[in-house]
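J.: below: sequence and its predicted model.
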Amino acid sequence: MGKNIINIALFGLGRIGQMHADNLISNPNFNLRYVFDIDQKLSKKLSKKYNCLAIENTNIAFRDKDIKCIFIASSTATHLKFIEEGVKNKKVIFCEKPLDLDLKKINACQKKINKFNPKIQIGFNRRYDPGHNSLKKKLLQGQIGKLEKIIITSRDPSPPPLSYLKSSGGIFKDMMIHDFDLARFYAGSDEFESVFAIGSNMTDKRFDKIKDLELATSVLKTKKGIQCIITNSRHCSFGYDQRIELFGNKGMIISDNKRELETVMYSGNSTNIKSPLMHFFIERYSEAYKIQLNDLAKVCRTNIHPSASFEDGRRSLILAETAIKSLRSRKFEKVLL
């Protein structure tokens, strides 16, 4: 094994954790040495698939000096304690979103770890999607002039299991948090200062029982006046609908949906018939997840800090909490950073 290989420990082997494991073992930059999950039978089973060691105690990974990076894909409630322990042991951290559902806990964690000048990359994978990322590049190149409006559409084909939704933190913290991050990504240093949010349940009444929403929309405004509209739906009959539009004073750029086949059919009876949209977020953002790992490798090997940092995770949660506050007050709420 080469000297530059990055030894990594993966915590959490649920659906997203297994996807990350598959990507890690196929990426030549990494060596997946340890896996951990509270389901020890699952850990042992998957350790054979990934040709690595299943550990029953995370301290084994934290104390192993050969481990460069701790990769956190476990339940949200475990994120901060794993981050704190990893940082204390001088590890680079990758953590899935959200950091936590409680902003006070995130702020307390930040105070504890700041003195270590940690490298923490948050799993906002959509920044790395080639289409979404190209918008940022074109924006910086001045191709649409001054950014004036951001419109983000994000609709899932169907909601996650109810068991997941009950502990997810709700649509703003679980789903729209990706879009809050993208909005900040495009707006750059011009932070959002106010948020207005609405939500409703019209089709699936199970959401009423768990006090969550199947439909949500947020309107945001930055200090310099950039407007942003984000629409989310937990169900979409025609597939995984993911679109972004950036409007400027000299033009507009759009990152559109991905399809199973990029073909268009014309006939005597109809025109512009396209193949269906992709139906699952792992398929839609498969390339983004892989590119994200390449960025993590650079963070591990050099002095650069990640594109999506701990502070980005914190500020996106602040926007989510402000949206929830607005939903209750039915008025624009000020963003308190």
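T.: Noted; the coordinates are in hand. Numbers count the residues shown, from 1 in each chain.
J.: A strand includes residue 307, no?
T.: No. Counting by DSSP: H, G, I helix; E, B strand; the rest coil, residue 307 is not part of a strand but coil.
J.: mind listing what the residue nearest the centre of the chain touches?
T.: When CA atoms, centre = their mean is applied to the chain, the residue found nearest the centroid is residue 124 (3.0 Å). Taking CB atoms under 8 Å, 6 or more residues apart in numbering as the definition of contact, the neighbours of residue 124 are 97, 178, 181-182, 185, 308, 312-313, 316. Where C-beta positions appear, they are placed from N, C-alpha and C, glycine not excepted.
J.: pLDDT below threshold where in this protein?
T.: Residue ranges of the chain with pLDDT under 70: 1-3.
J.: residue with max distance from the center of it?
T.: Ranking residues of the chain by C-alpha distance from their mean position (CA atoms, centre = their mean) puts residue 268 at the top, at 43.4 Å.
J.: how close does that residue get to residue 158?
T.: The span separating residue 268 from residue 158 equals 35 Å under the rule CB to CB, to the nearest Å.
J.: for residue 337, give me its contacts.
T.: Residues in contact with residue 337, defined by CB under 8 Å, 6+ apart, are 191, 315, 318.
J.: ok, now with 10 Å
T.: With contact taken as CB atoms under 10 Å, 6 or more residues apart in numbering, residue 337 is in contact with 191-193, 311, 314-315, 318-319, 322.
J.: need the buried ones from those selected in PyMOL.
T.: With 16 or more other CB atoms under 10 Å as the burial test, the buried ones among the contacts of residue 337 are selected in PyMOL as follows:
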select buried, resi 192+193+314+315+318+319+322
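J.: could you export the helix or strand encompassing residue 199 as PDB, CA atoms only?
T.: Assigned by DSSP states H and E, residue 199 belongs to strand 192-200. Output of strand 192-200 as PDB, limited to C-alpha atoms (Å, rounded to 0.1, in the frame of the first residue of the first chain):
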ATOM      1  CA  PHE A 192     -29.100  35.900   4.100                       C
ATOM      2  CA  GLU A 193     -30.700  38.300   6.600                       C
ATOM      3  CA  SER A 194     -34.400  37.300   6.500                       C
ATOM      4  CA  VAL A 195     -36.500  34.200   5.900                       C
ATOM      5  CA  PHE A 196     -40.200  33.600   5.300                       C
ATOM      6  CA  ALA A 197     -41.600  30.100   5.200                       C
ATOM      7  CA  ILE A 198     -44.900  28.300   4.500                       C
ATOM      8  CA  GLY A 199     -45.800  24.600   4.600                       C
ATOM      9  CA  SER A 200     -48.800  22.300   4.200                       C
END
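J.: that one packs against which elements?
T.: helix 171-174, helix 176-187, strand 215-222, strand 227-233, helix 310-329, strand 333-334 (3 or more CB pairs under 10 Å, 6 or more residues apart in numbering; DSSP states H and E).
J.: in JSON lines: these, plus distance to residue 148.
T.: Conversion of those to JSON lines gives the following (distance: least, CB to CB, whole Å):
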{"stretch": "helix 171-174", "distance to residue 148": "24"}
{"stretch": "helix 176-187", "distance to residue 148": "11"}
{"stretch": "strand 215-222", "distance to residue 148": "10"}
{"stretch": "strand 227-233", "distance to residue 148": "7"}
{"stretch": "helix 310-329", "distance to residue 148": "19"}
{"stretch": "strand 333-334", "distance to residue 148": "22"}
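J.: those: which one's closest to residue 289?
T.: Counting by CB to CB, residue 289 lies closest to helix 176-187 out of the helices and strands packed on strand 192-200; the figure is 12.9 Å.
J.: do I have it right that residue 230 meets residue 149?
T.: No. If you go by CB atoms under 10 Å, residue 230 and residue 149 don't touch, sitting 11.8 Å apart.
J.: which of these two has more neighbours?
T.: Neighbours per residue (other CB atoms under 10 Å) separate residue 230 from residue 149, with residue 230 holding more: 26 against 14.
J.: hey, what's that one bridged with?
T.: With DSSP bridges applied, the residues forming beta bridges to residue 230 are residue 152, residue 218.
J.: how much space between it and residue 99?
T.: Computed as CB to CB, the residue 230 to residue 99 distance reads 20 Å.
J.: same question for residue 156.
T.: With the distance defined as CB to CB, residue 156 ends up 22 Å from residue 99.
J.: what do you get for residue 90?
T.: Following CB to CB, the distance that separates residue 90 from residue 99 is 20 Å.
J.: and for residue 282?
T.: From residue 282 to residue 99 the distance is 21 Å (CB to CB).
J.: between those two, who's got more neighbours?
T.: Taking other CB under 10 Å, residue 282 and residue 99 do not tie; residue 99 has more neighbours (26 against 14).
J.: ok so that one is a helix residue?
T.: No. With the criterion set as three-state DSSP, the secondary structure at residue 99 is coil rather than a helix.
J.: not counting its neighbours along the chain, what's nearest it?
T.: If the residues on either side of it in the chain are set aside, residue 99 comes closest to residue 313, at 4.4 Å by CB to CB, 6 or more residues apart in numbering.
J.: right, and that neighbour touches residue 93 too?
T.: No. Checked against CB under 10 Å, the pair residue 313 and residue 93 is beyond contact range at 11.0 Å.
J.: quote the end-to-end distance of stretch 53-66.
T.: Using CA to CA, to the nearest Å, the end-to-end distance of stretch 53-66 comes out at 14 Å.
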